[in-house]
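Asker: coords please:
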Amino acid sequence: MNVSDLLENVLNKINEEIVSLLESPDNEEIIGNDIEDELSIENYVDKSQEYLVAIRKLVTNGVTVKPFLEKSLIVLTKLPTINSEIVVEEDYRIIGVTSEVLKKIYLNNEQINNCFLDRSKVLIIQKTHNNLEEFCSQIYGESETSLLYLLKGCLDNFIYIPEEGIHRLILLPNCTDSDIQMFKDNKNELLSYLKLNMLSAGMTFHKHHVLDSSINAQSFTYDNTKVYSQYNEILYILSEYNHSNDLLNKYFLLYTIIENFMYRKPIATMLRTANEFSIRDFKSFYSKINNGELDKLGSLFYEILDIDYNGNSLVDKVVNDLNTFKDTDTNSELINFLLKIGVSNNNLSYDLLLNNGNNYKNFKGNGRKDIGYFPKIVYQLRNTILHNTATEFHLTHYELSKNEIIVNFLKDFMIPILEKIILHLIIENHEIISYKENSLILYKLD
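Answerer: Residues are numbered from 1 along each chain as shown. So this is what the prediction gives:
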C-alpha cells in the first residue's frame, strides 16, 4: 500500500468513526464546534490536532472511544506530507499483553513503554496514549518513514478493543492466524520472538546492572622513596575501571589486578631477598608460579590480610565489612550462592566464615594448602563470570536480575573491599608487591 492509499484509508476510517460518534446528541453537544470539516489529504496536517482535542473531550466525559482512533490522530499530528511513492507492505496483527509479560525485558536497559524495531517493523505501544506523541516525534526523527508503519498498524487494527487488564499492544507484521494464536497460548514463545527481533536490530533486552562509581581513595602525600612508575600497567587498568559502569566488568578488572599481584609477589620476594640470582632462585620462583591459580591466590591473601591497615590488620577491616553486609542478609541467601559457586563442598555459614579462631584462620587460610574462604570467594566469583559451560553456574546479568543478593554482595562488599586492598598496597608501595630494583643481577663484574 503506497502512502496516498494508506492516508486515504486512515482518514476514511477516522471520518466514519466520527460520524458514528456524533450520532449521539450528547456527544455532539460535548464536541460543539470543534469538528466542522472532514479530514482529507489536503487538510489533515492542520485539522488532526483539532480532532484530537475533540476526541479527548469525549473521553474526559466518559464516552468510550476506540483506542486506535486517538492513536491514529496522534500519528497524523506528527506526520507531514511524505513522498507518495513509499510503499508499506506489512499487514499488522495485534496481541494485547499485561505489563507482567514484558516486565523482564529491558530494551537497551529500559523497561518497554513504546518501541519500534526497524529491522522487523515490530511495534510495541502502550494501551494508554501516554508518551505516544513523544514516541512519534522520536521515531520520525530517526526515519521519516517509521511513522508510516505505526499508522498502518493503527489502520489494520482500528476496531480493536483491548480486554481488561491489558497494558501493552504488540503489533506484529505478516503473521498468520495460527502464529497469533500460538503467541497468545505460549507467551514464552512470543517473548523469544521479540528478543530475536531486538537482537537483530542491534539492541539488548537484558537488565544491565551498573555501578556508577569510581575509586575514591583519600588523598595521599607523594613520597619520593616510593616508586609508583612500576605500577604503570595497573594504573591503566584502574583507569579502565573508573570508566566502566558494568558491574561484572568492574569486578573482573579488579580481579585482573589481583592476578597481577599474584605474579608480582614472588618476583618482589626474589628482589628483596637475593643480591645475585642463582639457578636455585629461579627454580624456587618457577615452583611458586607453577602452582595452581587458587593456590597462588591463597598464598597472596594470606600475606595481604595480615598487613597493617589504619592501625589494625587488614583482615579486621574485611571481616568487619562482611559483618555489616551480613546484617542486611537476613535469610543468609549469600551462603546458598557461595555454596552454589563452589566456595565450599561442605556446610557453610556466616559463623564459619567469620570465626575469629586462630586469627581468622578459616577466612585467611594458612598460606599453604589450606586456602581461606576469602581467596576462594574472590576466585570462584571470577570463574562464574568468565566460565560459560552447560555444567557450571555462569554469572550473567540475567542471573543478577534473578538474584538481588549477588548484586548487593558485589556492590556493597566485594568491589569496595578489593578497591581498598589494591589502592592500599599501591599507595603504600607495600613490599608484598613492590619491586626493590628494576632489574635482576645475575652476576657481579668485580
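Asker: mind giving me the domain split of the chain?
Answerer: 3-200, 228-427 (automatic domain parsing).
Asker: what residue is smack in the middle of the protein?
Answerer: In the chain, the residue lying closest to the centroid (CA atoms, centre = their mean) is residue 208, at 0.2 Å.
Asker: part of a strand, is residue 35?
Answerer: No. Counting by DSSP: H, G, I helix; E, B strand; the rest coil, residue 35 falls outside a strand, being coil.
Asker: need the per-residue pLDDT for residue 359.
Answerer: Each residue has a pLDDT score; the one for residue 359 is 82.
Asker: is the nearest residue to it once chain neighbours are set aside in a helix, a strand, or coil?
Answerer: Of all residues beyond its chain neighbours, the one nearest residue 359 is residue 315 (7.5 Å), with distances taken as CB to CB, 6 or more residues apart in numbering. In this view, the C-beta of every residue, glycine as well, is placed from N, C-alpha and C. With three-state DSSP as the basis, residue 315 sits in helix.
Asker: which elements pack onto the top helix by length along the chain?
Answerer: In the chain, with assignment by DSSP state H, the single longest helix is helix 247-273. Packing contacts for helix 247-273, counted by 3 or more CB pairs under 8 Å, 6 or more residues apart in numbering; DSSP states H and E, involve helix 232-243, helix 279-289, helix 293-304, helix 373-386, helix 397-402, helix 415-427.
Asker: worst-scoring helix or strand of this protein, pLDDT-wise?
Answerer: When each helix and strand of the chain is scored by mean pLDDT, DSSP states H and E, helix 279-289 comes last, with a mean of 64.
Asker: so where do the helices sit in the stretch 101-250 of the chain?
Answerer: Applying DSSP state H, counting those that start in this stretch to the stretch 101-250 of the chain gives helices spanning 132-142, 146-156, 177-185, 187-200, 232-243, 247-273.
Asker: how about these, which one is nearest residue 89?
Answerer: helix 146-156 (9.2 Å; CB to CB).
Asker: mind listing residues that contact that closest one?
Answerer: Helix 146-156 is contacted from outside by 1, 3, 6-7, 9-10, 13, 68, 71-72, 75-76, 78-79, 82, 86, 88, 90-94, 116, 118, 121, 123, 125, 136, 139-140, 171, 173, using CB atoms under 8 Å, 6 or more residues apart in numbering.
Asker: can I get the buried ones among the residues you listed as something I can paste into PyMOL?
Answerer: Remark: buried members of the contacts of helix 146-156, expressed as a PyMOL selection using 16 or more other CB atoms under 10 Å:
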select buried, resi 1+3+6+7+9+10+13+68+71+72+75+76+78+79+82+88+90+92+93+94+116+118+121+123+125+136+139+140+171+173
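Asker: of the contacts of helix 146-156, which belong to strands?
Answerer: 92-94, 116, 123, 125, 171, 173 (DSSP state E).
Asker: would you point out the most distant pair within the residues you listed?
Answerer: 93 and 116 (16.3 Å).
Asker: how far away is residue 23 from residue 374?
Answerer: 77 Å (CB to CB, to the nearest Å).
Asker: neighbour count for the two, which is higher?
Answerer: residue 374 (27 against 8; other CB atoms under 10 Å).
Asker: skipping adjacent residues, who's closest to residue 7 in space?
Answerer: residue 41 (5.9 Å).
Asker: test my guess that the one you found contacts residue 6.
Answerer: No. Using CB atoms under 8 Å, residue 41 makes no contact with residue 6, being 10.9 Å away.
Asker: quick one: contacts for residue 313?
Answerer: Per CB under 8 Å, 6+ apart, neighbours of residue 313: 305-307, 359.
Asker: that one pairs with what?
Answerer: residue 308 (DSSP bridges).
Asker: pLDDT below threshold where in the stretch 151-300 of the chain?
Answerer: 217-221, 274-279, 281-291 (pLDDT under 70).
Asker: give me that answer again for 80
Answerer: By pLDDT under 80, the low-scoring segments of the stretch 151-300 of the chain are 215-223, 273-292.
Asker: do the stretch 301-446 of the chain as well
Answerer: Residues of the stretch 301-446 of the chain that meet the criterion pLDDT under 80 lie in 367-369, 387-392, 438-446.
Asker: if we use 70, what do you get?
Answerer: In the stretch 301-446 of the chain (pLDDT under 70), the answer is 367-368, 388-391, 442-446.
Asker: likewise for the stretch 1-150 of the chain?
Answerer: 81, 83-84.
Asker: which one of the domains of the chain lies nearest to residue 434?
Answerer: Per CB to CB, nearest to residue 434 of those: domain 228-427, 5.8 Å.
Asker: how long is that closest one from one end to the other?
Answerer: 8 Å (CA to CA, to the nearest Å).
Asker: relative to residue 167, how far out is residue 403?
Answerer: Residue 403 is 26 Å from residue 167, by CB to CB.
Asker: now stretch 169-177: buried residues?
Answerer: 169-173, 175.
Asker: chain center to it, what's the gap?
Answerer: Averaging C-alpha coordinates over stretch 169-177 and over its chain gives two centres that are 28 Å apart (CA atoms, centre = their mean, to the nearest Å).
Asker: same question, stretch 411-421
Answerer: With CA atoms, centre = their mean, you get 20 Å for stretch 411-421.
Asker: heads up, I number from 437, so please use that
Answerer: Let's use 437 as the start, then, which means that last one is stretch 847-857.
Asker: what's in contact with that stretch?
Answerer: With CB under 8 Å, 6+ apart, stretch 847-857 has contacts from 647, 651, 653, 683, 686-687, 690-691, 694, 740, 745, 750, 753-754, 757-758, 761, 764, 813-814, 817.
Asker: give me the buried entries from those residues.
Answerer: The buried subset of those - by 16+ other CB under 10 Å - is 647, 683, 686-687, 690-691, 694, 740, 745, 750, 753-754, 757-758, 761, 813-814, 817.
Asker: out of the domains of the chain, which gets nearest to residue 872?
Answerer: Using CB to CB, the nearest of those to residue 872 is domain 664-863, at 4.5 Å.
Asker: where does the closest residue to residue 666 other than its chain neighbours sit: helix, strand or coil?
Answerer: Nearest residue to residue 666, sequence neighbours excluded (CB to CB, 6+ apart): residue 871, at 5.2 Å. What three-state DSSP gives for residue 871 is coil.
Asker: can you give me the neighbour number for the residue nearest to residue 795?
Answerer: Residue 751: 22 neighbours (other CB under 10 Å).
Asker: quick check: it touching residue 796?
Answerer: Yes. Residue 751 lies in contact with residue 796 (CB under 8 Å); the separation is 5.1 Å.
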